[in-house]
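> sequence-free structure coming up:
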């Protein structure tokens, strides 16, 4: 078999071109100024046998017109610069499993067309701030009950909630003096301090116009639960109004919020 070198100015010193009937070997360091083109699709670069070197070093891009099979580990970042093409395919006959041993960071929208299974925590920890399941609460004990003025709205407690979608719930207790008849109470959850919202307030409004309790010590009620969707950090209040006579009254209770989204 003949080898012909046309119009070359390359220095061939120290380099060897060996040609037999079916084998062509080149030794020495060679620099190709233009494309290195293989016109026969039959033969590989290197070989898959364990005794043959299989490293391919590229200083620029690798463009693959067919199938790229990686049987070993990818030891650096795998970066896709073209947003057009998927990993895998959506056809039912193609594999669609993607196994990750670490985090998946999605810069766009993550669309899930099949069933989704979300694994909950397996211990008594808390969801991180900003994550679904985050829980925030405030509680006022009887010893710290807020003094009330008859017929005047008062805040029992409050929580600060960051932007997001929250379920908020509360209960409220009253601690009138033994000589104080309490005849009427309202309590609610609101984003405005000590201000009654429009009834029914999304489910979080207590109204007891004719109480069966009269100077009988502590009594309490559930205020309810409501959705509060926020675009920015907002203070949410548990507030109340009580109507009573003769002596003193005070209120205490609990306000909790769970991030849904």
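Yep, that arrived. Please read all numbers here as calculations on a predicted model, not as lab measurements.

> Could you use CA atoms for every contact and neighbour count after this?
OK.

> low pLDDT regions in the stretch 1-150 of the chain?
Along the stretch 1-150 of the chain, the parts satisfying pLDDT under 70 run over 1-27, 30, 32, 35-57, 77-98.

> Please point out which parts of stretch 244-256 sit buried.
244, 245, 248, 249, 250, 251, 252, 253, 254, 255, 256 (16 or more other CA atoms under 10 Å).

> Please apply the same query to stretch 124-143.
For stretch 124-143, the neighbour count (16+ other CA under 10 Å) marks 133, 134, 135, 137, 138, 139, 140 as buried.

> got these as TSV, with secondary structure columns?
Listed next are the buried residues of stretch 124-143 as TSV, based on DSSP: H, G, I helix; E, B strand; the rest coil:
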residue	secondary structure
133	coil
134	coil
135	strand
137	strand
138	strand
139	strand
140	strand
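
> As CSV, the residues you listed with distance to residue 119 would be great.
Converted to CSV, the buried residues of stretch 124-143 look like this (distance: CA to CA, whole Å):
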residue, distance to residue 119
133, 12
134, 15
135, 18
137, 24
138, 28
139, 30
140, 34
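
> Of the buried residues of stretch 244-256, just say which sits nearest to residue 168.
residue 256 (5.7 Å; CA to CA).

> Quick one: residues contacting that closest one.
Going by CA atoms under 8 Å, 6 or more residues apart in numbering, residue 256 touches 135, 136, 137, 138, 159, 168, 169, 170.

> Assign it to helix, strand or coil.
strand.

> Nearest spatial neighbour of it, chain-adjacent residues omitted?
Residue nearest to residue 256 in three dimensions, not counting chain neighbours: residue 137, with 4.1 Å by CA to CA, 6 or more residues apart in numbering.

> confidence score at residue 152?
Predicted confidence (pLDDT) for residue 152: 97.

> Report how many residues lie close to it.
The number of residues packed near residue 152 is 12, by other CA atoms under 10 Å.

> show me where the stretch 151-261 of the chain has strands.
Using DSSP state E, counting those that start in this stretch, the strands of the stretch 151-261 of the chain run over 154-161, 164-174, 182-190, 205-208, 219-230, 234-244, 250-259.

> Show me the strands paired with the first one, marking each as parallel or antiparallel.
When sheet partners are counted by DSSP bridges, strand 154-161 sits next to strand 234-244 (antiparallel).

> Would you mark the buried spots in the strand it pairs with?
Going by neighbour count (16+ other CA under 10 Å), the buried part of strand 234-244 is 236, 237, 238, 239, 240, 241, 242, 243, 244.
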